[in-house]
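Trainee: Turn this into a structure:
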Amino acid sequence: MTLSSFFGHDLDMSRSAQMWTIHHVILVFFAIVAIVVTLFLALKIKARENEKQIRYIYIGLLLILELAYHVHNWTAPLDIRLERGLSVPLHVCSFAVFMNVALLYTNSKKVFNYAFVFGTVGGIMALIMPNSLGYTYLNFRYYHFILLHMIILSVPVYYYKAYNYRMNYKEILHIFKSAVLLGIVVYILNGFLGTNYWFIRYIPSNVDGWFPNWNVYIITFIGTVFFTMNVLYLVSNYDTIFKKKDKAIKTTI
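Mentor: Model prediction:
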């Protein structure tokens with residue numbers, strides 16, 4: 001392997017991050033590690049005097065990863081660029097990157113709501129349907145895929161644990177509505193750009209055999225997102241929910 005091939009565009013779908021392969025397992029493993037380690041270290045990091053500097057380092061890393069993704073796409077051979085369409089930051093994970101950057105810079109609870117949903121849901125969807133576009137472990141994009149999704153998962157988890165940020169169900173519904181409206185805009189832009197951002201213009205190749213047509217796919221896609229957001233709400237608020245139930249039971253007794 002040479003430096004040029006490591007940063008090149010040699011594709012091999014059989015050795016890339018696809019569903020039900022060892023690479024799928026590796027991705028899930030690193031995602032779990034990112035979440036567990038963040039939960040374990042969050043309070044210790046929050047207590048450090050240089051916590052702000054650490055947040056800024058992550059801001060720089062996220063921006064570098066996002067820029068590297070697009071630069072690499074822009075320098076791809078013409079046939080690859082024509083097949084994929086224009087590379088611009090419209091993927092769910094790109095939205096998550098910028099929301100995480102804003103969160104790390106501002107510590108805003110309102111920004112956290114969006115970063116938490118887009119980062120976590122985007123990360124989970126990437127776990128369910130991984131697709132590294134054919135780049136193998138011999139290419140930097142393979143590791144870029146893992147590292148980026150580890151970070152967009154871990155940043156909201158950090159604020160959940162260290163800053164004790166939580167979302168109520170009304171906020172979940174509001175963000176879901178905002179995501180649907182934003183998805184419509186992205187769908188329209190996909191038509192102009194010849195792209196498949198958010199994987200909503202057509203069925204991705206890694207799951208196209210699962211659905212009879214686009215209508216069934218998009219309904220399933222939206223339903224899965226809504227279901228995942230509800231699970232995310234229940235898991236992240238289990239302590240509050242069960243405390244309310246216990247209090248209600250005691251009051252009744």
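
Trainee: What average pLDDT does stretch 62-75 get?
Mentor: Averaged over stretch 62-75, pLDDT sits at 95.

Trainee: Can you give the contact residues for it?
Mentor: Contact with stretch 62-75 is made by 7, 81, 84, 87-89, 94, 97-98, 100-101, 104, 140-141, 144, 147-148, 151-152, as judged by CB atoms under 8 Å, 6 or more residues apart in numbering. For the C-beta atoms, the positions are set from N, CA and C on the backbone; glycine is no exception.

Trainee: please redo it, this time with the cut-off set to 6 Å
Mentor: Residues outside stretch 62-75 that contact it (CB atoms under 6 Å, 6 or more residues apart in numbering): 87, 97, 100, 101, 148.

Trainee: neighbours of the fourth one, just the number please.
Mentor: Burial of residue 101, expressed as a neighbour count using other CB atoms under 10 Å, amounts to 21.

Trainee: Touching, it and residue 60? I think so.
Mentor: No - if you go by CB atoms under 6 Å, residue 101 and residue 60 don't touch, sitting 9.3 Å apart.

Trainee: hmm, back to that, among the contacts of stretch 62-75, which ones are buried?
Mentor: Buried by 16 or more other CB atoms under 10 Å: 87, 97, 100, 101, 148, out of these.

Trainee: Which strand or helix spans residue 28?
Mentor: helix 22-46 (DSSP states H and E).

Trainee: Return the set of buried residues in that helix.
Mentor: Those would be 23, 24, 27, 30, 31, 34, 35, 38, 42, for helix 22-46 by 16+ other CB under 10 Å.

Trainee: ok so, going back, which of the buried ones among the contacts of stretch 62-75 sits closest to residue 128?
Mentor: Taking CB to CB as the measure, residue 128 lies nearest residue 148 of the buried ones among the contacts of stretch 62-75, at 16.4 Å.

Trainee: Show the contacting residues for the closest one.
Mentor: Contacts of residue 148 by CB under 6 Å, 6+ apart are residue 65.

Trainee: and residue 189, how far is that from residue 59?
Mentor: Relative to residue 59, residue 189 is positioned 26 Å away (CB to CB, to the nearest Å).

Trainee: Please apply the same query to residue 159.
Mentor: 14 Å.

Trainee: Give me the more crowded residue out of those two.
Mentor: Taking neighbours as other CB under 10 Å, residue 159 and residue 59 compare with residue 159 leading, 24 against 18.

Trainee: check which helix or strand covers that one.
Mentor: Applying DSSP H and E as the criterion places residue 159 in helix 140-162.

Trainee: where in the chain is pLDDT low?
Mentor: Residues of the chain meeting the criterion pLDDT under 70: 1, 240-253.

Trainee: the helices in the stretch 51-200 of the chain, which residues?
Mentor: Assigned by DSSP state H, counting those that start in this stretch, the stretch 51-200 of the chain shows helices spanning 51-74, 78-84, 92-106, 109-128, 140-162, 169-193.

Trainee: Fine, thanks again, bye for now.
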